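Q: sharing a model that was predicted from the sequence below.
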Amino acid sequence: MKKLLLRRDVAKLGHVGDVVEVSEGYARNYLVPHHLAVEPTPANLKAIEEEKKQAQTARLEKRRALELRVESMTDVEVTISAAANEEGHLYGSVGPREIAAALRDEGHDVEAGQVELHHPIRQLDTVTVPIVFAEDLKTEVKVWVVRERASEAAEEQAASDGQTAPEAAPAPAVGEAEEESGHGGSQPADEPGS
């Protein structure tokens with residue numbers, strides 16, 4: 001085991017200025033080469049004091065921002081439209097990415113990694129989903145997964161195809177119809193095996 005002085009906050013290990021005990025390999029292969037830690041010499045301990053104060057201030061500001069975010073999300077509900085069959089089973093699934101996107105659309109700054117959904121939602125349902133900003137800063141949002149209206153699906157498909165509305169294919173001209181059916185003087189393609 002090796003004692004090191006942390007120069008940066010390291011998740012699940014410690015904060016700037018902490019003296020931690022880690023394995024030789026972790027110290028040699030990760031912490032020291034990435035300038036996350038140094039030997040805890042008196043000179044290094046003194047030099048890191050200012051960084052320690054700045055890091056503590058930054059942590060407090062981040063903590064206040066997260067607390068405000070948790071407060072702003074009290075009693076939040078979002079609705080996600082999804083394509084489903086007659087029994088209510090989704091053709092795809094709704095996961096953390098879709099929930100985070102729906103929350104961002106509502107003005108809440110949430111990343112997919114903060115949505116604690118253990119299994120994707122695969123049917124029309126109402127689910128209470130935990131949102132975890134920090135180990136002790138959590139909230140819950142209600143997610144309504146509802147059936148996508150047919151017109152919504154058509155509009156989305158048209159938008160992805162670059163059209164403004166679904167259009168029927170134009171009818172072929174008389175000469176083209178004859179060519180496609182093989183009666184306009186064109187030769188039929190050779191069939192396999194002949």
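A: Good, I have the coordinates.

Q: give me the helix or strand of this structure that scores worst on average pLDDT.
A: Ranked by mean pLDDT, DSSP states H and E, the weakest helix or strand in the chain is helix 174-181, scoring a mean of 44.

Q: give me the neighbour count for residue 148.
A: Residue 148 has 17 neighbours, counted by other C-beta atoms under 10 Å. Bear in mind the C-beta positions are built from the backbone N, C-alpha and C, glycine included.

Q: now swap in residue 67 and tell me
A: Residues lying near residue 67 (other C-beta under 10 Å) number 13.

Q: also residue 70?
A: 16.

Q: can you check the one 3 residues further on too?
A: Neighbour count of residue 73, defined by other C-beta under 10 Å: 18.

Q: how about it, what does it touch?
A: When contacts are counted by C-beta atoms under 8 Å, 6 or more residues apart in numbering, residue 73 touches 103, 108, 110, 131, 139, 141.

Q: what do you get if the cut-off is 10 Å, keeping everything else the same?
A: Counting by C-beta atoms under 10 Å, 6 or more residues apart in numbering, residue 73 makes contact with 103, 106, 108-110, 131, 133, 139-141.

Q: look up how far residue 138 lies from it.
A: 10 Å (C-beta to C-beta, to the nearest Å).
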